[in-house]
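Participant: Fold the following and give me the result.
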Amino acid sequence: MPSFQCSVCSKVFEVPQTALDKYSGWQPKYCREHSTRRSASDPQLSARNAEVGGVGRGRTVREENLTISEVLSKYSGGPESGVFTDGSAAPNPGPGGWGVVWVEGGEIRGQKHGYDPDTTNNRMELRALIEAFKMLPEDATAKVLTDSRLCVNTITQWAPGWERKGWKKKSGPIKNLALVQELLALYRAHPKCELTWVAAHSGNRWNEYADSLATAWMREKL
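Facilitator: Below is the predicted model:
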């Protein structure tokens, strides 16, 4: 089933594809616990909760806040080539950061990270992807990996439709529109690059490395 990340507690939860198909354009934002708190004042949300019937089932994302040297010592799994990205905000919204590492055959080709004092997790995920594509030449052939399924779906599925409709959607304003537009343009400028999702905190060394860069603002040591 498709996975999403709660914008309140960052818990990863799953939603049946049948529910997503029923509510066209719906982008789940809350796990079962936090969506239940909102359903009393939002009949449509209540109906969606009933439809998914277990939206909170999933795992809690573990934020270890490791330094990059600790990540390299602890993790060894996952692909050895690609551009890995991550974004964070704590609390969400609140201060946050983003990180990107470009790896080929287990060797680091480049890395970047940044900080924003007032942001959201989704904005940082988008910013990380923007910086990833900026790092790559336009003729590059590489996988660009993110643990935000929302970002992947936005760019590969939904944004082209919004663009055709004048950057509008039925459910209301498009959040983070400027970032979405910038990322879509960069994605199109790199036709040989694949934007793909990778599970967060699943032992993937370079995803964990990108996470470390994204949370570096919390630490004294990179």
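Participant: C-alpha from now on. contacts and neighbour counts both.
Facilitator: Fine.
Participant: which stretches of this protein aren't confidently modelled?
Facilitator: Applying pLDDT under 70 to the chain flags residues 1, 7-8, 17-27, 30-63.
Participant: For it, which strand extends over the most residues?
Facilitator: As assigned by DSSP state E, the longest strand anywhere in the chain is strand 107-119.
Participant: pretty sure residue 140 is touching residue 194, no?
Facilitator: No. Using CA atoms under 8 Å, residue 140 makes no contact with residue 194, being 10.2 Å away.
Participant: now for whatever helix or strand residue 98 lives in, which elements pack on it?
Facilitator: Element membership for residue 98 (DSSP states H and E) is strand 94-104. Here strand 94-104 touches strand 82-89, strand 107-119, helix 121-135, helix 205-214, going by 3 or more CA pairs under 8 Å, 6 or more residues apart in numbering; DSSP states H and E.
Participant: mind listing what it pairs with, with the direction of each?
Facilitator: Strand pairing for strand 94-104, using DSSP bridges, gives strand 82-89 (antiparallel), strand 107-119 (antiparallel).
Participant: Please produce CSV containing those, extended by mean neighbour count and distance to residue 201.
Facilitator: Formatted as CSV, those follow (neighbours: other CA atoms under 10 Å; distance: least, CA to CA, whole Å):
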stretch, mean neighbour count, distance to residue 201
strand 82-89, 30, 11
strand 107-119, 16, 19
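Participant: Domains in this structure, by residue range?
Facilitator: 3-52, 68-218 (automatic domain parsing).
Participant: Please work out which of those is packed deepest.
Facilitator: domain 68-218 (a mean of 19; mean count of other CA atoms under 10 Å).
Participant: Now do that domain: distance from first to last residue.
Facilitator: Domain 68-218 has an end-to-end distance of 13 Å (criterion: CA to CA, to the nearest Å).
Participant: residues in contact with the residue nearest the centre of the chain?
Facilitator: Centroid-nearest residue in the chain, with CA atoms, centre = their mean: residue 148, separated by 2.3 Å. Taking CA atoms under 8 Å, 6 or more residues apart in numbering as the contact definition, residue 148 lies against 4, 5, 86, 125, 197, 198.
Participant: Now it. Its backbone dihedrals?
Facilitator: When read as degrees, to the nearest 10, the backbone of residue 148 gives phi -100, psi 100.
Participant: next one: the one 3 residues further on
Facilitator: Here is the backbone geometry of residue 151 (degrees, to the nearest 10): phi -70, psi -40.
Participant: Quickly note the distance from it to residue 110.
Facilitator: Note on residue 151: its distance to residue 110, by CA to CA, is 22 Å.
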